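Asks: Mind folding the following:
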Amino acid sequence: AQSIAGGGGNGGATATFGLTNSSSKGFAVSVGGSGAGGASADDVTVANQAAVTTTGLGSQGIVAQSIAGGGGNGGANLFKNQSGSNDADQFTLAIGGNAGAASDGGNVVYSSTVASAITTGSGNAGTSSPATSDQGHGVFLQSVGGGGGNGGAGIQGSVKSSTDSTAIDIGVGGKGGGGGDGGNITAGVSATPLAGSISTGDYNSHGLLAQSIGGGGGNGAAGIVGDVKNSASKGLVIGIGGSGEGGGKGGSVDIVNAAAITTAGNGSKGILAQSVGGGGGSGGTGITGNVTGASDSSSKQLAFTLGGTGGGAGAGGEVTIDNQAAITTGTAGVNDGQYIQMDALFAQSIGGGGGNGGVGLSGDISNSSQSKALEINIGGNGGGAGAGGTVNVSNSETLQVTSNGSRGILAQSVGGGGGNGAIAMKGNVGAPSDASSEQQLNFALGGQAGGGGNGGQTIVSNSGVINTDFAPNGGGNLIQTQMHGIQAQSIGG
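Replies: Below you'll find the model as predicted:
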């Protein structure tokens, strides 16, 4: 059962070529088209009361997904070859289109109230190599927020201005679109927990996989001004990168299970419940090319670049597992060093990583004697990370794992890493060797890094038996490693 929404359309690109300004004042603006927002996905509900059997590789027993549409990309904008006549002040602005925002995933609800059996992979883990990701899950529940679109580039091409005039040339990148939130996942409730049994036989085939994933934020686009031959007495050149947008939040994941679960193949967990925040989009680069100033001794030139700010990330949602039935993993494993990571209960909430800032980069300024030139370059700040949500796991039955690196219960809340601040790279500012009173300055400042996300509260309550015995089945005498009964972690980014 699936609800899959459509993505937003992309904005149209624009291009202007060979513009000549013969008037006393020229004003030219071009803007790329904006991307459209993505459509929302509906809720998905599945109630199973019958036996389900699949035999093909990658064939899942039950799939319930709600996937939102991503935002459309902004259209690029190119403005090229601007020139002006004498005494003609000029202003040119090229702006890239903003991206469309994504929509949220719908809620997913699954119930199974009768003692029905779900079997995938014929219970035979030997049908493919351990390296194969078969993903024949017994029950697969997922809600995914759409990803934000990327901004369109704003490109101001080569510019040649006139004498005795003022010229302003600007290129601005479009900003990215925001990511959508993942919906909430519910599998069973306290009054009617999941019933029956689930058995998987293939590799990387979990008994119950439940995920809520926030969409990633869109990236900002570059703002670029190409080489400028500026004969104007006053010149201003600016390149600004578009900002990245924030990622969507992961929704809550709530499982109440009373169905017996067995998994056979490598990497196959009993229950995997996960909420993941979307990462922030990266900021766009701000670029100005080489600037050649006037021979006029009173010439004043300013070049400024600013990298776009990275988007903040989405937080992971709350994850809860209440297990009331026996779970066994690794039933077909030969324990030859390849059967690993077959946890019985795996609960995780992860905050998204912040987007990186955009680079601020400029070329050289060549100016005359007795003139003034200032070049400023600033790197974009990184976006802040999302926090991990609360993770709560309770178990009252027997958990049996028999493979290396496999834990009875892993409960983990992880904050995302902050985005990197960007570097600023400056060119050279020069004047003739015979210059006597020139005032030339260039300045570069890197962006600030975004803060990391906090890990959330992690709670584990166990009244059942957890057995992590390593029992080789014809596979030699390997050393038992990292087979923890309970591992609970809260990790900051």
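Asks: Between its first and last residues, what's the separation in stretch 282-290?
Replies: 26 Å (CA to CA, to the nearest Å).
Asks: in that stretch, what's buried?
Replies: Counting neighbours by 16 or more other CB atoms under 10 Å, one finds that the buried residues in stretch 282-290 are 282-290. Any C-beta I mention is one placed from the backbone N, CA and C, and that applies to glycine too.
Asks: One more: stretch 460-471?
Replies: For stretch 460-471, a neighbour-count test (16+ other CB under 10 Å) marks 460, 462, 464, 466-468, 470 as buried.
Asks: okay if I get those residues as CSV plus pLDDT and distance to residue 58?
Replies: Shown next, in CSV, are the buried residues of stretch 460-471 (pLDDT from 0 to 100; distance: CB to CB, whole Å):
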residue, pLDDT, distance to residue 58
460, 97, 32
462, 97, 33
464, 95, 32
466, 94, 30
467, 91, 30
468, 85, 29
470, 62, 29
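Asks: now, among those, which is nearest to residue 376?
Replies: Of all the buried residues of stretch 460-471, residue 376 sits closest to residue 460, with 53.2 Å by CB to CB.
Asks: these two touch, right, that closest one and residue 409?
Replies: Yes. Taking contacts as CB atoms under 8 Å, residue 460 lies within contact range of residue 409: 5.9 Å.
Asks: Overlap in contacts, those two.
Replies: 393, 486, 488 (CB atoms under 8 Å, 6 or more residues apart in numbering).
Asks: residue contacts, the last one?
Replies: Same thing as residue 488. By CB under 8 Å, 6+ apart, the contact list for residue 488 reads 409-412, 458-460.
Asks: re the thing from before, out of the shared contacts of residue 460 and residue 409, which are inside strands?
Replies: When DSSP state E defines the strands, the subset of these inside them is 393, 486, 488.
Asks: Go through those and name the one nearest residue 257.
Replies: The nearest one, if we look at these relative to residue 257 and count by CB to CB, is residue 393, at 11.2 Å.
Asks: which residues does the closest one contact?
Replies: Per CB under 8 Å, 6+ apart, neighbours of residue 393: 320-321, 323, 345, 347, 409, 411, 459-461.
Asks: Go through these and say which is closest to residue 59.
Replies: residue 345 (24.4 Å).
Asks: returning to that earlier point: if we only consider the shared contacts of residue 460 and residue 409, which is nearest to residue 238?
Replies: residue 488 (51.6 Å).
Asks: And the pLDDT at that closest one?
Replies: We note a pLDDT of 95 for residue 488 in this prediction.
Asks: just residue 364 next, same as before
Replies: Per the predicted model, pLDDT is 73 at residue 364.
Asks: And for it, the neighbour number?
Replies: 18 (other CB atoms under 10 Å).
Asks: how about low-confidence regions in the stretch 51-200 of the chain?
Replies: Low-confidence segments of the stretch 51-200 of the chain, defined by pLDDT under 70: 81-89, 122-133, 158-165.
Asks: try it again with 90
Replies: 55-59, 76-94, 113-116, 121-136, 154-171 (pLDDT under 90).
Asks: Which residue ranges of it form strands?
Replies: 52-53, 62-67, 77-79, 82-84, 89-95, 108-111, 117-120, 139-144, 154-156, 159-160, 166-172, 185-187, 197-200 (DSSP state E, counting those that start in this stretch).
Asks: now what about the last one, what contacts it?
Replies: Judged by CB under 8 Å, 6+ apart, the contacts made with strand 197-200 from elsewhere in the structure are 61, 115, 117-121, 123, 136-139, 206-208, 259-265, 268.
Asks: That one pairs with which strands?
Replies: Strand 197-200 sits in its sheet next to strand 117-120 (parallel), strand 260-263 (parallel), going by DSSP bridges.
Asks: Could you count how many residues lie near the closest residue to residue 14 other than its chain neighbours?
Replies: Leaving out its chain neighbours, the residue that sits closest to residue 14 by CB to CB, 6 or more residues apart in numbering is residue 77, at 4.9 Å. Per other CB under 10 Å, the neighbour tally for residue 77 reads 32.
Asks: Quick check: residue 77 touching residue 157?
Replies: No. Checked against CB under 8 Å, the pair residue 77 and residue 157 is beyond contact range at 10.8 Å.
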